[in-house]
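*Asks:* give the three-dimensional model of this entry:
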Amino acid sequence: MKKRKIIWYNPKLIPFARELRNHSTKSEIIFWLKIKGKEFYGYDFHRQKPIDNYIIDFYCDELLLGIEIDGYSHQFLEVFNKDTKKEKRVNELGITVLRFSDEQVLKDMENVIRALEDYIYEFEKHTPNPSLEGS
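*Replies:* Prediction:
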């Protein structure tokens, strides 16, 4: 079995992450219903996951994948700059970030899911399967 990489997080973010989970946007709820409970290709996703000094909307440890659902405020320069800094740091930790807008989730979920499936396909194609090693 592959050993998981332990990624540090600021424990002071836990109450804020819980608050975000309790006040999810409509698009976050709709997206969560598609991926929760290992229902999406058997991968375990978490909501509002603290990583380093940031909180990622959705995170899968096995895929080293963060997913951000960006609302209207992400169009403002100040928020965009914060997002850029956050994504750069998360990438330095070996985590890929996929970004979708609220509008994409609400109006084009089919292509959002397709993008996630494409990521998983490429990840699995380039990641050795430990259960097949030594066969």
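*Asks:* every contact and neighbour count from this point should use C-alpha atoms.
*Replies:* Noted.
*Asks:* buried stuff in the worst-scoring helix or strand of the chain on mean pLDDT?
*Replies:* Here the helix or strand of the chain ranked lowest by mean pLDDT, DSSP states H and E is helix 77-92, holding a mean of 88. Judged by neighbour count (16 or more other CA atoms under 10 Å), helix 77-92 contains these buried residues: Asp83, Lys86, Glu87, Arg89, Val90.
*Asks:* spatially nearest residue to the second one (excluding sequence neighbours)?
*Replies:* Looking back up the chat, that one is Lys86. Tyr54 (6.8 Å; CA to CA, 6 or more residues apart in numbering).
*Asks:* for the top helix by length along the chain, give me every contacting residue.
*Replies:* Once the chain is assigned using DSSP state H, the helix that runs over the most residues is helix 109-126. Where contact means CA atoms under 8 Å, 6 or more residues apart in numbering, the residues beyond helix 109-126 that reach it are Leu63, Phe100, Gln104, Val105.
*Asks:* buried stuff in that helix?
*Replies:* Met109, Val112, Ile113, Tyr119, Ile120.
*Asks:* hang on, the earlier thing: so which of the contacts of helix 109-126 is the most crowded?
*Replies:* With neighbours taken as other CA atoms under 10 Å, the top of these is Val105, carrying 21 neighbours.
*Asks:* and it, helix, strand or coil?
*Replies:* Of the three states, Val105 takes helix under DSSP: H, G, I helix; E, B strand; the rest coil.
*Asks:* ok, it touching Phe31?
*Replies:* Yes: look at Val105 against Phe31 with CA atoms under 8 Å: they come within range, at 6.8 Å.
*Asks:* done for today, thanks.
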